[in-house]
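Novice: quick one: sequence and predicted model below, then my questions.
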Amino acid sequence: MTVTDYSPTPSLNLDDLFNQLQGSSVYSKIDLRSGYHQLRVRDEDIPKTAFRTRYGHYEFQVMPFGLMNALAVFMDLMNRVCKPYLDKFVIVFIDDILIYSKSKEEHAEHLKSILELLKKEELYAKFSKCEFWLSKIAKPMTKLTQKNIKFEWTEKAEAAFQLLKEKLCSAPILALPEGSENFMVYCDASRKGLGAVLMQREKVIAYASR
């Protein structure tokens, strides 16, 4: 699997997924450990993930968060791995796996099949975030969508709103050059591209990338 070669994954509707649970009475939820980091980056694509820190240059050997197609690639992997059981007794949403069954006896077989599958594919779960043998599950955002719950605008909510507004409304401001001295260029390059920042007196004058 690679971060640049994948089959498009259709968008998922949570309401459609939960409709599959009709008639089931036993559930287990498995949350994968480290999510995207369980997916290896193809060797020839590793240089594309290069980044610089004050301690040196580094590359990701596993898929990092934040890549444009990371979600689609990871969902494609999960759909391929769980394909034999999808829409039968398994729902997959990103790195969460929900197993549903009509009886405890049936659930024991379903749970065994999924755990053996994860072991075979070397996908690891975080045990502390997993839940087994549940009699019911909560639909995401249920509390927020109930009409009888009044939303309260607290100081914490106000602070979060102001921070979000600041992040969305502010744009990087470039300084104007003064004279022709004290310029400094910070640059970073790989075999795939390069980037540079022109600064003067610790103020950014211009950006460039290719």
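Specialist: Now that the structure is in, tell me what you want to look at.

Novice: for the lengthiest helix in the chain, which positions count as buried?
Specialist: Within the chain, and with DSSP state H defining each element, the longest helix by residue count is helix 104-121. Buried residues in helix 104-121, defined by neighbour count with 16 or more other C-beta atoms under 10 Å: 107, 110-111, 113-114, 117-118. The way it works is simple: take the backbone N, C-alpha and C, and place the C-beta from them, glycine included.

Novice: in CSV: the residues you listed, plus distance to residue 63 and pLDDT.
Specialist: Output for those, formatted as CSV (distance: C-beta to C-beta, whole Å; pLDDT from 0 to 100):
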residue, distance to residue 63, pLDDT
107, 32, 95
110, 29, 96
111, 28, 95
113, 26, 95
114, 23, 94
117, 21, 94
118, 18, 92
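
Novice: just these now: which is nearest residue 20?
Specialist: Minimum separation from residue 20 among the buried residues of helix 104-121 (C-beta to C-beta) is found for residue 110, which lies at 13.4 Å.

Novice: number of nearby residues for residue 201?
Specialist: Residue crowding around residue 201 was assessed by other C-beta atoms under 10 Å; the count is 12.

Novice: look up the closest residue to it, ignoring the ones flanking it.
Specialist: Using C-beta to C-beta, 6 or more residues apart in numbering and skipping residues adjacent in sequence, the residue nearest residue 201 is residue 182, 5.7 Å away.

Novice: equivalent analysis for residue 21, please.
Specialist: In space, residue 21 comes closest to residue 100 once its chain neighbours are excluded; the distance is 5.3 Å by C-beta to C-beta, 6+ apart.

Novice: and the one you found, that's in a helix?
Specialist: No. Secondary structure assignment (DSSP: H, G, I helix; E, B strand; the rest coil) places residue 100 in strand, not in a helix.

Novice: and it, how far is that from residue 134?
Specialist: Separation of residue 100 from residue 134 (C-beta to C-beta, to the nearest Å): 10 Å.

Novice: what stretches of the chain score poorly on pLDDT?
Specialist: Low-confidence segments of the chain, defined by pLDDT under 70: 1-18, 138-151, 167-173.

Novice: and the helices in it?
Specialist: Using DSSP H, the helices of the chain run over residues 14-19, 70-82, 104-121, 142-145, 155-169.

Novice: tell me which of the ones you listed lies nearest to residue 43.
Specialist: Comparison of the helices of the chain against residue 43 by C-beta to C-beta identifies helix 70-82 as nearest, at 16.0 Å.

Novice: the closest one packs against which elements?
Specialist: strand 90-93, helix 104-121 (3 or more C-beta pairs under 8 Å, 6 or more residues apart in numbering; DSSP states H and E).

Novice: now these in CSV, please, with extra columns for distance to residue 128.
Specialist: Rendered in CSV, the data for these read as follows (distance: least, C-beta to C-beta, whole Å):
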stretch, distance to residue 128
strand 90-93, 19
helix 104-121, 16
